[in-house]
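> Give me a model of this one.
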Amino acid sequence: MDLYIKNIGKVIFYEDRNFQGRSYDCSSDCADMSSYLSRCHSCRVERGCFMVYDRTNYMGNQYFMRRGEYPDYMSTMGMSDCIRSCRMIPMYRGSYRMRIYERENFGGQMYEMMDDCDNIMDRYRMSNCMSCHVMDGHWLMYEQPHYRGRMMYMRPGEYRNFMNMGWSNMRFMSMRRIMDSYY
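Reported below is the predicted structural model:
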(Lines give C-alpha, C1' and ligand atoms only; values in the text may rest on other atoms or scores of the structure.)
Protein backbone atom coordinates (compact mmCIF):
# COMPACT_ATOMS: atom_id res chain seq x y z
CA MET A 1 0.00 0.00 0.00
CA ASP A 2 1.35 3.41 -0.94
CA LEU A 3 1.38 5.62 2.15
CA TYR A 4 1.70 8.83 0.15
CA ILE A 5 -1.61 9.80 -1.35
CA LYS A 6 -1.38 11.43 -4.74
CA ASN A 7 -2.61 14.91 -4.04
CA ILE A 8 -2.26 17.96 -6.12
CA GLY A 9 -2.09 20.92 -3.83
CA LYS A 10 -3.01 24.33 -5.10
CA VAL A 11 -2.34 27.74 -3.66
CA ILE A 12 -2.89 31.12 -5.27
CA PHE A 13 -0.57 33.91 -4.16
CA TYR A 14 -1.51 37.58 -4.56
CA GLU A 15 0.75 40.62 -4.56
CA ASP A 16 -1.48 42.66 -2.30
CA ARG A 17 -3.66 42.10 0.75
CA ASN A 18 -7.24 40.86 0.35
CA PHE A 19 -6.46 38.87 -2.82
CA GLN A 20 -5.70 41.96 -4.89
CA GLY A 21 -3.05 42.64 -7.54
CA ARG A 22 -1.30 40.15 -9.75
CA SER A 23 -1.62 36.48 -8.81
CA TYR A 24 0.38 33.30 -9.22
CA ASP A 25 -1.15 29.78 -9.15
CA CYS A 26 1.18 27.20 -7.64
CA SER A 27 0.74 23.43 -7.35
CA SER A 28 4.30 22.36 -6.47
CA ASP A 29 7.43 23.59 -4.73
CA CYS A 30 8.67 27.05 -5.71
CA ALA A 31 12.15 28.07 -4.52
CA ASP A 32 11.91 31.68 -5.71
CA MET A 33 8.64 33.47 -6.33
CA SER A 34 10.26 36.73 -7.46
CA SER A 35 10.02 35.74 -11.11
CA TYR A 36 6.22 35.50 -10.74
CA LEU A 37 5.40 38.26 -8.26
CA SER A 38 7.31 41.28 -6.97
CA ARG A 39 5.77 40.76 -3.53
CA CYS A 40 3.17 38.52 -1.92
CA HIS A 41 0.86 39.62 0.87
CA SER A 42 -2.17 37.30 0.68
CA CYS A 43 -2.99 33.80 -0.51
CA ARG A 44 -5.75 31.26 -0.88
CA VAL A 45 -4.97 27.56 -0.34
CA GLU A 46 -7.52 25.65 -2.40
CA ARG A 47 -6.15 22.12 -1.90
CA GLY A 48 -3.47 20.54 0.23
CA CYS A 49 -1.01 21.94 2.75
CA PHE A 50 2.01 24.16 2.18
CA MET A 51 4.94 25.57 4.09
CA VAL A 52 5.71 29.14 3.11
CA TYR A 53 9.01 30.90 3.77
CA ASP A 54 9.97 34.56 4.06
CA ARG A 55 13.23 33.98 2.13
CA THR A 56 14.04 32.25 -1.14
CA ASN A 57 15.20 28.62 -1.35
CA TYR A 58 13.02 27.51 1.57
CA MET A 59 14.99 29.56 4.10
CA GLY A 60 14.02 31.95 6.87
CA ASN A 61 10.90 31.84 8.99
CA GLN A 62 8.42 29.12 8.07
CA TYR A 63 4.65 29.11 8.28
CA PHE A 64 2.22 26.21 7.85
CA MET A 65 -0.82 26.82 5.69
CA ARG A 66 -3.71 24.48 5.12
CA ARG A 67 -6.84 24.90 3.04
CA GLY A 68 -8.33 28.32 3.64
CA GLU A 69 -8.05 32.01 2.89
CA TYR A 70 -5.28 34.25 4.20
CA PRO A 71 -6.26 37.82 3.22
CA ASP A 72 -3.54 39.45 5.32
CA TYR A 73 -1.37 36.70 6.71
CA MET A 74 1.38 39.14 7.72
CA SER A 75 -0.73 40.48 10.58
CA THR A 76 -2.47 37.20 11.47
CA MET A 77 0.74 35.14 11.52
CA GLY A 78 3.15 37.80 12.65
CA MET A 79 5.25 37.65 9.49
CA SER A 80 7.66 40.51 9.16
CA ASP A 81 8.18 40.07 5.43
CA CYS A 82 6.28 38.62 2.51
CA ILE A 83 6.38 35.06 1.14
CA ARG A 84 9.43 34.35 -1.03
CA SER A 85 9.22 30.55 -1.48
CA CYS A 86 6.84 27.67 -0.76
CA ARG A 87 6.88 23.90 -0.46
CA MET A 88 3.92 21.56 -0.94
CA ILE A 89 3.54 18.98 1.83
CA PRO A 90 2.50 15.60 0.43
CA MET A 91 -0.50 13.91 2.02
CA TYR A 92 0.64 10.92 4.07
CA ARG A 93 -1.36 8.09 5.61
CA GLY A 94 0.60 5.72 7.76
CA SER A 95 2.47 5.51 11.02
CA TYR A 96 4.51 8.43 12.35
CA ARG A 97 7.89 7.95 13.93
CA MET A 98 10.63 10.37 14.90
CA ARG A 99 13.61 10.15 17.25
CA ILE A 100 14.59 13.34 19.03
CA TYR A 101 18.00 13.90 20.60
CA GLU A 102 19.18 16.23 23.30
CA ARG A 103 22.40 17.16 21.50
CA GLU A 104 23.63 17.55 17.93
CA ASN A 105 24.76 14.50 15.90
CA PHE A 106 22.23 12.30 17.69
CA GLY A 107 23.95 12.69 21.07
CA GLY A 108 22.58 12.76 24.60
CA GLN A 109 19.17 11.52 25.61
CA MET A 110 17.07 9.99 22.83
CA TYR A 111 13.32 9.49 22.74
CA GLU A 112 11.20 7.96 20.03
CA MET A 113 7.93 9.68 19.30
CA MET A 114 4.91 8.34 17.47
CA ASP A 115 2.40 11.02 18.40
CA ASP A 116 2.21 14.74 19.12
CA CYS A 117 4.11 16.15 22.08
CA ASP A 118 3.03 19.52 23.45
CA ASN A 119 6.00 19.84 25.82
CA ILE A 120 9.21 17.74 25.72
CA MET A 121 10.25 19.05 29.14
CA ASP A 122 7.08 17.75 30.80
CA ARG A 123 6.94 14.46 28.92
CA TYR A 124 10.62 13.48 28.74
CA ARG A 125 12.38 15.84 31.18
CA MET A 126 14.36 16.98 28.18
CA SER A 127 15.38 20.66 28.18
CA ASN A 128 16.50 20.84 24.56
CA CYS A 129 16.27 19.06 21.22
CA MET A 130 19.29 19.67 18.96
CA SER A 131 18.92 16.88 16.36
CA CYS A 132 16.35 14.38 15.13
CA HIS A 133 15.73 11.52 12.75
CA VAL A 134 12.32 11.47 11.07
CA MET A 135 11.63 7.90 10.02
CA ASP A 136 7.96 8.14 9.09
CA GLY A 137 5.55 10.95 8.35
CA HIS A 138 5.83 14.72 8.20
CA TRP A 139 6.15 16.84 11.35
CA LEU A 140 6.11 20.44 12.56
CA MET A 141 8.50 21.36 15.34
CA TYR A 142 7.89 24.49 17.46
CA GLU A 143 10.26 26.59 19.54
CA GLN A 144 7.85 26.84 22.48
CA PRO A 145 5.65 24.36 24.33
CA HIS A 146 2.02 23.94 23.25
CA TYR A 147 2.80 24.40 19.54
CA ARG A 148 3.68 28.08 19.78
CA GLY A 149 6.40 30.29 18.37
CA ARG A 150 8.46 29.78 15.26
CA MET A 151 8.15 26.44 13.53
CA MET A 152 10.11 24.15 11.25
CA TYR A 153 8.82 21.57 8.78
CA MET A 154 10.53 18.18 9.04
CA ARG A 155 10.11 15.52 6.39
CA PRO A 156 11.68 12.04 6.52
CA GLY A 157 15.44 12.27 6.91
CA GLU A 158 18.28 12.86 9.33
CA TYR A 159 18.75 16.30 10.87
CA ARG A 160 22.12 16.13 12.64
CA ASN A 161 22.47 19.74 13.75
CA PHE A 162 19.73 22.36 13.77
CA MET A 163 22.31 25.13 14.17
CA ASN A 164 23.77 24.26 10.74
CA MET A 165 20.29 24.72 9.29
CA GLY A 166 20.20 28.40 10.18
CA TRP A 167 18.46 27.92 13.52
CA SER A 168 21.38 28.79 15.80
CA ASN A 169 19.34 30.31 18.61
CA MET A 170 16.25 28.13 18.34
CA ARG A 171 15.19 25.38 20.72
CA PHE A 172 12.41 22.97 19.82
CA MET A 173 10.05 22.30 22.70
CA SER A 174 6.96 20.76 21.04
CA MET A 175 6.27 18.61 17.97
CA ARG A 176 3.12 17.85 15.97
CA ARG A 177 2.35 15.40 13.17
CA ILE A 178 0.92 16.78 9.92
CA MET A 179 -2.12 14.55 9.67
CA ASP A 180 -4.36 13.85 6.70
CA SER A 181 -7.20 15.60 8.56
CA TYR A 182 -5.42 18.89 7.77
CA TYR A 183 -6.03 18.46 4.04
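
> So what sits opposite residue 98 in the bridge?
For residue 98, the beta-bridge partners under DSSP bridges are residue 113, residue 134.

> That one contacts residue 115, doesn't it?
No. When contacts are counted by Cβ atoms under 8 Å, residue 98 is not listed as touching residue 115 (10.0 Å). For glycine as for every other residue, the C-beta is placed from the backbone atoms N, C-alpha and C.

> Which of the two has more residues huddled nearby?
In this comparison of residue 98 against residue 115, neighbours counted by other Cβ atoms under 10 Å, the higher total goes to residue 98 at 23 against 9.

> Now do the same contact list for the more buried one.
112, 113, 132, 133, 134, 135, 136, 137, 139, 154, 175 (Cβ atoms under 8 Å, 6 or more residues apart in numbering).

> and the fifth one, how many residues sit next to it?
Residue 134 has 21 neighbours, counted by other Cβ under 10 Å.

> residues touching it, list them.
For residue 134, the contact set (Cβ under 8 Å, 6+ apart) comprises 97, 98, 154, 155, 156, 157, 158, 159.

> what do you get for the second one?
For residue 113, the residues meeting the contact criterion (Cβ under 8 Å, 6+ apart) are 96, 97, 98, 99, 100, 175.
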